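S.K.: next one to model:
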Amino acid sequence: MGEVVLSIVAGFIVGMLFSAIKLPIPAPPVLSGVMGIVGVYLGGIAYQWIVAHFFSG
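M.R.: Numbers count the residues shown, from 1 in each chain. As a prediction, this is how the structure comes out:
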């Protein structure tokens, strides 16, 4: 849980810093970006599950 909080805080600080110096925020469009990240995460979990259930002795 601590990693999640640190990630949110770091992202918040980076977003504020980029906005303060008038740079575009280094993130993809909101919904499609979040869904892409969720898809990558779920794909990684699915791979680990498949390997654990079908390829481990």
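
S.K.: so where's the protein uncertain?
M.R.: 57 (pLDDT under 70).

S.K.: could you pick out the longest helix of it?
M.R.: Ordering each helix of the chain by length in residues (DSSP state H) puts helix 30-54 first.

S.K.: other residues contacting it?
M.R.: A27, P28 (C-beta atoms under 8 Å, 6 or more residues apart in numbering). (Glycine included, C-beta is placed from N, CA and C.)

S.K.: can you pull up the most central residue in this protein?
M.R.: In the chain, the C-alpha closest to the average C-alpha coordinate belongs to I37, at a distance of 4.9 Å (C-alpha atoms, centre = their mean).

S.K.: from P29, how far out is that one?
M.R.: Distance of I37 to P29, given as C-beta to C-beta, to the nearest Å: 12 Å.

S.K.: got the contact list for A27?
M.R.: A27 neighbours (C-beta under 8 Å, 6+ apart): G15, G33.
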